[in-house]
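Chemist: Structure for this input, please:
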Amino acid sequence: MSGLPFELLLALRYLRPKRTFVSVITLISVLGVTLGVAVLIIVISVMSGFDQQLREKILGFSPHLKVFQRNNTLKDYARVMSLVATNPQVKAVAPFVMEQVLVETQPKTGQSQVGAPWVRGINPLLETNISVLPSSIVEGKYDVSNRGLLLGMEFAHNMNLEVGDRVVVYSPSDLKKWRENAGKEGATLPVPPEFEVRGIFDVGYYEYNVSVIISSLEDAQELYDLDDSVHGLMVMLRDPYHAPAVEDQLAAVLGPEYRFVSWMQENSNLLNALLVEKNVMFYLLFFIMIVAALCILSALITFVVQKTREIGMLKALGATDLQVSLLFLSQGALVGAFGDLAGYGLGMLALSYRNEFLHFMNRLTGFELFPASIYGFTELPALIVSRDILLICGSAWLVCILGGLIPAWRAGRLRPVEALRYE
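Modeler: Numbering: from 1, shown residues only. Reported below is the predicted structural model:
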């Protein structure tokens, strides 16, 4: 004899595929749950992969924490650096200058082009501990000495610049002096500095590649007439997700005249947009499983009508209302369990071969479905999070059980006399 409760045994027996209307609907319900679970696993895992890759690329070039002096440039930055470095969570700290400039190309032939990137002045010796920039040079060399510049790959392409080309850089102070002295007789106009392109970098993130150029800290200080001061400090942490806690600790050490900006605050719009999109996709795709639950509801209502005589006999033999109700709840639970298992297997299989399928579709359709130029990734990322998988499978199973509540309640309320009246 089997050790299973009789409610579960009967539910398994009634779910055996036979050529009846009920069994067909049951199979369709299992298929609906399978597809819903598989699609949700694939979409949520891919979006989690996007989020992880994006965070890695942001953290590869952007510091975890920035320190500024309120309403002023940071003059005594060496002392502040030593105070920041005493925090056990701080891995590296370096000064920086970062502001927007105008860049004018100096082509040998043709018309010059003008762009407005952000110039980031760095200490090249300290930068190796701050970002992936030193290892991201794709052309030329990592050299910003004597008015050398490093350009992002996209910016260099847009401006038709190559290693060895020269550009003129206008700072806001230069433009202000030009405006003030324009039309004045005998006035001397400032001569903007000329820089040489020494290298082209690719940090893997389009926004940085297209809008940031790199100079030495001294050249950037000269552009902005900062003398020996800087705009702030870049701080790298051992764990970037501890940035809010470290911010509070540094605020207590440095005092209220300093302010802090974490990488989460700088990129909050983008990261929050990804999170909202992921949640919206979950809710939209979850309706697939709600449709499957409605199929289960329809199948079980039909089943209760067809099995009225058997229900009456079970009641006459001593089955309680709860036991009869559990019989139909078990059917919904079994459909959900089969659908969960099949959907999990299908989702994992699809994620394992996602890039092969993507390349096949690219060849079949003739155009790139996932262009690297737009998304910045050569392969489709995916991150399988156990919590997400449990949430998807658990919610699908719960919805299937809820789909059987009404038929189970109706079956439990049947009286034996009414069920057997016309037999």
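Chemist: So which bits of stretch 144-158 are buried?
Modeler: Using 16 or more other Cβ atoms under 10 Å as the burial criterion, the residues of stretch 144-158 that qualify are Val144, Arg147, Gly148, Leu149, Leu150, Leu151, Gly152, Met153, Glu154, Phe155, Ala156. Glycine gets a C-beta too; all of them are placed from N, C-alpha and C.
Chemist: can you give me the offset of it from its chain's centre?
Modeler: 29 Å (Cα atoms, centre = their mean, to the nearest Å).
Chemist: Same check on stretch 334-350?
Modeler: In this view, stretch 334-350 has its centroid 25 Å away from the chain centroid, taken as Cα atoms, centre = their mean.
Chemist: What lies in contact with that stretch?
Modeler: 8, 11-12, 15, 26, 29-42, 45, 292, 296, 357, 384, 389, 393, 396-401 (Cβ atoms under 8 Å, 6 or more residues apart in numbering).
Chemist: next one: stretch 32-41
Modeler: The contact list for stretch 32-41 (Cβ under 8 Å, 6+ apart) reads 282, 285-286, 288-289, 291-292, 295, 335-336, 338-340, 342-344, 346-348, 350-351, 388-389, 392-393, 396, 400.
Chemist: What remains of the contacts of stretch 334-350 if I keep only buried residues?
Modeler: Buried by 16+ other Cβ under 10 Å: 8, 11, 15, 26, 29-42, 45, 292, 296, 389, 393, 396-397, 399-401, out of these.
Chemist: Among those residues, name the ones in strands.
Modeler: Residues of these located in strands (DSSP state E): none.
Chemist: what stretches of the stretch 1-150 of the chain score poorly on pLDDT?
Modeler: 1-23 (pLDDT under 70).
Chemist: ranges for the helices of it?
Modeler: For the stretch 1-150 of the chain, helices defined by DSSP state H, counting those that start in this stretch occupy the ranges 6-14, 21-61, 77-85.
Chemist: Dump those to a markdown table, plus distance to Glu207.
Modeler: What follows is those, written out as a markdown table (distance: least, Cβ to Cβ, whole Å):
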| stretch | distance to Glu207 |
| --- | --- |
| helix 6-14 | 55 |
| helix 21-61 | 9 |
| helix 77-85 | 27 |
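Chemist: so which of the ones you listed gets nearest Ile137?
Modeler: helix 21-61 (13.0 Å; Cβ to Cβ).
Chemist: If we only consider the buried residues of stretch 144-158, which is nearest to Glu266?
Modeler: Nearest to Glu266 among the buried residues of stretch 144-158: Gly152, at 17.6 Å, using Cβ to Cβ.
Chemist: so the closest one sits right up against Tyr205, yeah?
Modeler: No: Gly152 lies out of contact with Tyr205 (Cβ atoms under 8 Å); the separation is 9.3 Å.
Chemist: How much space separates the nearest residue to Phe96 once chain neighbours are set aside from Ala116?
Modeler: For Phe96, ignoring the flanking residues on the chain, the nearest one in space by Cβ to Cβ, 6 or more residues apart in numbering is Met234 at 5.1 Å. Here Met234 is placed at a distance of 22 Å from Ala116 (Cβ to Cβ, to the nearest Å).
Chemist: More neighbours: which of these two?
Modeler: Taking neighbours as other Cβ atoms under 10 Å, Met234 and Ala116 compare with Met234 leading, 25 against 10.
Chemist: Tell me the secondary structure of the more buried one, please.
Modeler: Here Met234 is recorded as strand under DSSP: H, G, I helix; E, B strand; the rest coil.
Chemist: mind listing what it touches?
Modeler: With Cβ under 8 Å, 6+ apart, Met234 has these contacts: Pro63, Leu65, Lys66, Val93, Ala94, Pro95, Phe96, Ile130.
Chemist: list the contacts for the first one?
Modeler: Taking Cβ under 8 Å, 6+ apart as the definition of contact, the neighbours of Pro63 are Ile130, Ser131, Met234, Val235, Met236, Trp263.
Chemist: what about burial for these, which qualify?
Modeler: If you count burial by 16+ other Cβ under 10 Å, the buried members of the contacts of Pro63 come out as Ile130, Ser131, Met234, Val235, Met236, Trp263.
Chemist: my read: the second one touches His64, true?
Modeler: No: the pair Ser131 and His64 does not pass the contact test of Cβ under 8 Å, sitting 10.6 Å apart.
Chemist: picking up where we left off before, I'd like the contacts of Pro63 as TSV, with distance to Pro124 appended.
Modeler: Output for those, formatted as TSV (distance: Cβ to Cβ, whole Å):
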residue	distance to Pro124
Ile130	10
Ser131	11
Met234	13
Val235	18
Met236	16
Trp263	22
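Chemist: quick one: which of those residues is nearest Arg363?
Modeler: Distances from Arg363 to the contacts of Pro63, taken by Cβ to Cβ, are shortest for Ser131, at 37.0 Å.
Chemist: What is the neighbour count of the spatially closest residue to that closest one that is not a sequence neighbour?
Modeler: Nearest in space to Ser131, with sequence neighbours left out and distances taken as Cβ to Cβ, 6+ apart, is Phe61 at 5.0 Å. Residue neighbour count, defined by other Cβ under 10 Å, stands at 21 for Phe61.
Chemist: Also Ser268?
Modeler: By other Cβ under 10 Å, the residues close to Ser268 number 11.
Chemist: And for the one 10 residues further on?
Modeler: By the other Cβ under 10 Å criterion, the neighbourhood of Lys278 contains 17 residues.
Chemist: That one touches Met47, doesn't it?
Modeler: Yes: contact criterion Cβ under 8 Å: Lys278 and Met47 qualify, at 4.5 Å.
Chemist: Spit out the residues that contact those two alike.
Modeler: Counting by Cβ under 8 Å, 6+ apart, Lys278 and Met47 have no shared contacts at all.
Chemist: Distance check, the nearest residue to Val144 once chain neighbours are set aside against Val291.
Modeler: Computed as Cβ to Cβ, 6+ apart, the closest residue to Val144 that is not its neighbour in sequence is Ser216, at 4.2 Å. Distance of Ser216 to Val291, given as Cβ to Cβ: 62 Å.
Chemist: Neighbour count for the two, which is higher?
Modeler: Neighbour totals were compared for Ser216 and Val291, and Ser216 leads with 21 against 14 (other Cβ under 10 Å).
Chemist: Pull the contacting residues for the more buried one.
Modeler: Ser216 neighbours (Cβ under 8 Å, 6+ apart): Gly121, Ile122, Asn123, Pro124, Val144, Ser145, Arg147, Gly148.
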